[in-house]
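Trainee: Here is the input, now give the coordinates:
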Amino acid sequence: MSPDLQPTLHREEPPLGAHLVSRRAGYNHHGIYVGAGRVVHYAGLCVSLHRGPIEEVTLERFAAGCEVDIVAHPCAAFAGREAVARARSRLGEDRYRLLSNNCEHFCTWCVDGKGRSEQVRTCIAHPLAGLRVVRALVRARRVQAHYAYAVQAA
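Mentor: Sure thing, here's the model as predicted:
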């Protein structure tokens, strides 16, 4: 079951508490829109191959130059300010686990009250798809590391 994605309108602000997804090379990164151009997300693996805490960043930093969509939750247990409060209640948490507590688990917990990850389910059900995701992550990180090195050397 894939999430129902709705493209965000680039000129309009996403709804408060919206579950956002930024489509990256080989995987999707998830966050909760908290208003004023800010997103709360799990930083784990989104910038490097290292764990990172739940943090609040700009929408632009969250998107990282990629397309951003809204994940529909028609039967959400928490929406709007409630979803925002849940997201912010975990700021600073640093217990990222790729298979059991990742950015998608965090977002579904914020809006549905129960953490789950369709990406993890897909990778477990289809190991070759999981391998492609791992390769894409490693390749993307190598490009980022090369770019960072080039910037430092300049």
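Trainee: Which SSE is immediately downstream of the lowest-mean-pLDDT helix or strand in the chain?
Mentor: The weakest-scoring helix or strand in the chain, judged by mean pLDDT, DSSP states H and E, is strand 5-7 (a mean of 50). Counting by DSSP states H and E, the next helix or strand C-terminal to strand 5-7 is strand 19-24.
Trainee: Give the pairing partners of that next one; include direction for each.
Mentor: Its sheet considered, strand 19-24 pairs with strand 27-35 (antiparallel), strand 68-71 (antiparallel) by DSSP bridges.
Trainee: quick one: low-confidence ranges for the chain?
Mentor: Along the chain, the model assigns pLDDT under 70 to residues 1-11, 45-50, 123, 129-130, 133-134, 136-154.
Trainee: Helices along that one, start to end?
Mentor: Along the chain, the stretches classed as helices by DSSP state H are 59-63, 81-89, 103-112, 118-125, 127-153.
Trainee: Same question for the second one: list its buried residues.
Mentor: Buried residues in helix 81-89, counted by 16 or more other C-beta atoms under 10 Å: 83-84, 86-87. C-beta coordinates here come from the backbone N, C-alpha and C atoms, glycine included.
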